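Student: Predicted coordinates and the sequence they were generated for:
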Amino acid sequence: MNWDDAEAAGTDTDPAGRLVGADADGEDSAVEAALRPKDLAEFVGQPKVREQLDLMLRAARARGAAADHVLLSGAPGLGKTTLSMIIAAEMGAPIRITSGPAIQHAGDLASILSSLQEGEVLFLDEIHRMSRPAEEMLYMAMEDFRVDVIVGKGPGATAIPLELPPFTLVGATTRAGLLPPPLRDRFGFTAHMEFYEPGELEQVVHRSARLLDVTTDRDGAVEIAGRSRGTPRIANRLLRRVRDYAQVRADGRITREIAARALEVYEVDQRGLDRLDRAVLSALLKLFGGGPVGLSTLAVAVGEERETVEEVAEPFLVREGLLARTPRGRVATPAAWAHLGLAAPQNAPGATGQTGLFEA
Ligand SMILES: Nc1ncnc2c1ncn2[C@@H]1O[C@H](COP(=O)(O)OP(=O)(O)OP(=O)(O)O)[C@@H](O)[C@H]1O
């Protein structure tokens, strides 16, 4: 598993209710629809993806043809579902939404494909989790707009070809590396969604605040954006919690001070680390002098499962440059000491003469 995959996989297992988890929770699903940008112009950030998609969609529209199949990869909460809806809206086409885990049999896919209208967008979330037979059926559907429906079983089984109307498949995955090359190659356009810059998240916060009818000044938005781990879904969720605080404990307006106080209550620090992230870092620094220490030992020290530390806390700590996974164990970087306000001892990893540790 490479680091990107680890980050993506990690967020799949976010404990329910984790304020800084990137997966959608029940409350998110309810409000996300209202906060989703409706067209490319409203979609914040990802300038390259936007420009490339814009060109592709304009050209398809001019030709009066269905757009090419699109593969969107990237961590949860970065806007893959939103973009798929925008693609449909820009093409003036209806959209059908399903996911890999929902398609366990080729027959499930055949019934969806055979009911598509001409030009319809089929959004297939978590496409890497589709069953093998369904995946193979999809190859032909994507390339030739045709599927073979197998009728009967054993030696008497026959394949009945079924023509499909031209459609656009938008596949989304957190794990592009897991897609078999024949599937990946059938997408005419592939986009990797990056984490958002603080300035972009600030725009997301302003936009959502407007839609939620809450007033935030510039510094308030900056404060929320800085704690949102590069992810619009988290920015929107933190905004909602700060709004609650502003309504109950202040006059309803969001300023830097209100945002900081609110997120202190919810234990999300200036860099977006929550209680679990800080517990891992704190154990690594205070109990093990910054490491190296084995994952199992670290997990016991924080009273969590090994998988929770590895898949939920570590990916973000690695991305932030606070923790490194080395062949000899987990190691805190000099930035970790600084973040927790501790002085690194002379012999801490990263101090003079110890740098080799960080080469994994
Ligand atoms: N570029 C953006 N501009 C403004 N809001 C955004 C942007 N990207 C995502 N959002 C908001 O973040 C929320 C999550 O986005 P979305 O559901 O599209 O993410 P996703 O990548 O599909 O996540 P998952 O992989 O969990 O399905 C939505 O409410 C959406 O409004």
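Tutor: It's in.
Student: interface residues of the stretch 51-200 of the chain facing the ligand?
Tutor: 76, 77, 78, 79, 80, 81, 82, 125 (Cβ under 6 Å from any ligand atom). Using the backbone N, CA and C atoms, a C-beta is placed for each residue, glycine as well.
Student: Among these, which lie within helices?
Tutor: 80, 81, 82 (DSSP state H).
Student: For these, pick the one with the most neighbours.
Tutor: For those, the largest number of neighbours (other Cβ atoms under 10 Å) sits with residue 80, at 24 neighbours.
Student: Help me confirm that that one comes into contact with residue 125.
Tutor: Yes. Assessed by Cβ atoms under 8 Å, residue 80 is found in contact with residue 125 at 7.4 Å.
Student: overlap in contacts of the two?
Tutor: residue 172 (Cβ atoms under 8 Å, 6 or more residues apart in numbering).
Student: re earlier: closest one of the ones in helices among the residues of the stretch 51-200 of the chain next to the ligand to residue 328?
Tutor: Nearest to residue 328, judged by Cβ to Cβ, of these is residue 80 at 36.6 Å.
Student: any idea how far the closest one lies from residue 99?
Tutor: To residue 99, residue 80 is 11 Å away according to Cβ to Cβ, to the nearest Å.
Student: Overlap of the contact sets of these two?
Tutor: What both residue 80 and residue 99 touch, as defined by Cβ under 8 Å, 6+ apart, is the set residue 125.
Student: what sits against the residue in the chain positioned nearest to the ligand?
Tutor: Closest residue of the chain to the ligand, Cβ to the nearest ligand atom: residue 79 (2.6 Å). Contact analysis of residue 79 by Cβ under 8 Å, 6+ apart lists 43, 46, 193, 232.
Student: at 10 Å what do you get?
Tutor: 36-37, 43-46, 49, 72, 85-86, 172, 193, 196, 204, 231-233 (Cβ atoms under 10 Å, 6 or more residues apart in numbering).
Student: can you check residue 316 too?
Tutor: 7, 10-11, 20, 22, 229-231, 271-274, 276-277, 322-323.
Student: Name the pair among the residues you listed with the greatest separation in space.
Tutor: Between any two of the contacts of residue 316 (Cβ to Cβ), the greatest distance is 18.9 Å, for 231 and 323.
Student: So which bits of stretch 270-285 are buried?
Tutor: Under the neighbour-count criterion of 16 or more other Cβ atoms under 10 Å, stretch 270-285 has 272-274, 276-285 buried.
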